[in-house]
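In: after the sequence you'll find the predicted model.
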Amino acid sequence: MTRKHTRAFLVLLTVVAAGCVRSYARWPALEFRHLSYVSEKGERWPHRYVCLDGVAKTYKMHRPVRVSYIELNPGGKRAVVFIHGLGSYLKFWRYQVDRFAARGYRVVALDMVGFGKSDKPASFPYTMEAMADVVRELCQKLGIERPVLVGHSMGGQTALSFAIRYPDELSALVLASPAGFERFSKKERLWFEKVFTTSLVKDPGEYDIRGAVRYNNFARWRKDLEWLVEERVRLRGARDFESYAFANVKSVHGLADNNFVRDNLHRVKVPTLIVFGKTDRLIPNPFMHGGFTRWVMRHGEQNIRGSRLVGLARCGHSVQLDCVDEFNAEVLAFIK
């Protein structure tokens, strides 16, 4: 086969493959409040809201902010609180919450302010310290004392801020592909503010979304993860998608301004597990920093006394979704 024929064959394969991919572009728009919060088996989770007046008062908001959460096995003696990452919502712990509840843990997963079914107010600062205060007040409202915090990506940096500022209010920390360890210069933070706009969140087409979800976050894509693409595409038509896009932008600025966390890792007192995927394509930042994910995660291990670092082979950034069994086994063994 000549080079010309080979190229034509590859183009044909690409066209055929693209034609086999399901499209959601013409499906009805999906509102955030209508997101289906169900288990792997299709069972609906007990979903509730709580109003956080303390957070509103601290950050001078006009009214209490309403936060969405689920709680499983409320009678469990030890609480595990799951904190999702940027652009996602509590359903991104779909392959953890039921399994941890079945082990006897009291399980709580929340939609952070600006995401999922929670309020998306422009007046919220979207710093990681403010996010940590959301988690703290939710725990107080639910009567949870000294939980295990499990945070993914942005949720990891949120959990770190919690552990640094309120060291006696948690019992352990699990950081899944956490943000917060990577250093960003002042110029790099200014670049983020200039480049990462609401248009960047709103404008991607369906196949751009599919590529970003699959390539950036996964090394072992499975058919049962298709809901990630479907919901992201259909949510573009949600009434409050503009507010969600704004929350993403402000949260990225908050993530990049991470000197407080980086400079105070030595103040984390609780047992800490750091789990990351060795095929992570988002950490270190692919636009700014070269190198390997392990180099960034080692900074956390070296500066958090007594922490344990675990790298999972052939796992991407969304390690809890990509490598469910390995991730769950490591975390359950750690918190046991």
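Out: On my side now, so go ahead.

In: contacts only, for Leu86.
Out: Shown in contact with Leu86 (Cβ atoms under 8 Å, 6 or more residues apart in numbering): 153-154, 179, 248, 251-252, 255. For the C-beta atoms, the positions are set from N, CA and C on the backbone; glycine is no exception.

In: dump those residues into a markdown table; add neighbour count as well.
Out: Listed next are the contacts of Leu86 as a markdown table, based on neighbours: other Cβ atoms under 10 Å:
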| residue | neighbour count |
| --- | --- |
| Ser153 | 29 |
| Met154 | 27 |
| Ala179 | 28 |
| Asn248 | 22 |
| Ser251 | 27 |
| Val252 | 23 |
| Leu255 | 25 |
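
In: for Tyr215, grab the count of nearby residues.
Out: For Tyr215, the number of neighbouring residues by other Cβ atoms under 10 Å comes to 12.

In: that one: what secondary structure?
Out: Counting by DSSP: H, G, I helix; E, B strand; the rest coil, the backbone at Tyr215 sits in helix.

In: and it, what does it touch?
Out: Tyr215 neighbours (Cβ under 8 Å, 6+ apart): Arg281.

In: same thing with Val80?
Out: Here Val80 is in contact with 100, 105-108, 147-148, 150, 335 (Cβ under 8 Å, 6+ apart).

In: distance of the closest residue to Ile144 other than its chain neighbours relative to Gln96?
Out: Leaving aside its sequence neighbours, Ile144 sits nearest to Ala79 (Cβ to Cβ, 6 or more residues apart in numbering; 4.6 Å). Using Cβ to Cβ, to the nearest Å, one obtains 14 Å as the distance from Ala79 to Gln96.

In: ditto for Gly306
Out: Distance of Gly306 to Gln96, computed by Cβ to Cβ: 24 Å.

In: so those two - more neighbours on which side?
Out: Remark: of Gly306 and Gln96, Gln96 carries more neighbours, 23 against 10, as counted by other Cβ under 10 Å.

In: pLDDT wise, what is the more buried one at?
Out: At Gln96, the pLDDT value in this model is 98.

In: with Leu10 instead?
Out: So Leu10 comes in at 37 (pLDDT).

In: with Val201 instead?
Out: On the pLDDT scale, Val201 gets 78.

In: likewise for the one 4 residues further on?
Out: As summarised for this prediction, Gly205 has a pLDDT of 85.

In: separation between it and Ala212?
Out: Relative to Ala212, and taking Cβ to Cβ, Gly205 is found at 11 Å.

In: so between these two, which is more surrounded?
Out: Of the pair Gly205 and Ala212, Ala212 is the one with more neighbours under other Cβ under 10 Å, namely 14 against 11.

In: my guess is the residue nearest to Ile144 contacts Leu149. True?
Out: No - between Ala79 and Leu149 there is no contact under Cβ atoms under 8 Å: 9.6 Å.

In: when the two are compared, which one has more neighbours?
Out: Leu149 (28 against 23).

In: which SSE is that one in?
Out: Leu149 belongs to strand 148-152 when assigned by DSSP states H and E.

In: and that strand, C-alpha only, in PDB?
Out: Output of strand 148-152 as PDB, limited to C-alpha atoms (Å, rounded to 0.1, in the frame of the first residue of the first chain):
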ATOM      1  CA  VAL A 148     -12.300  11.900  56.400                       C
ATOM      2  CA  LEU A 149     -12.100  14.300  53.500                       C
ATOM      3  CA  VAL A 150     -11.700  12.900  50.000                       C
ATOM      4  CA  GLY A 151     -11.000  15.500  47.400                       C
ATOM      5  CA  HIS A 152     -10.400  15.200  43.700                       C
END
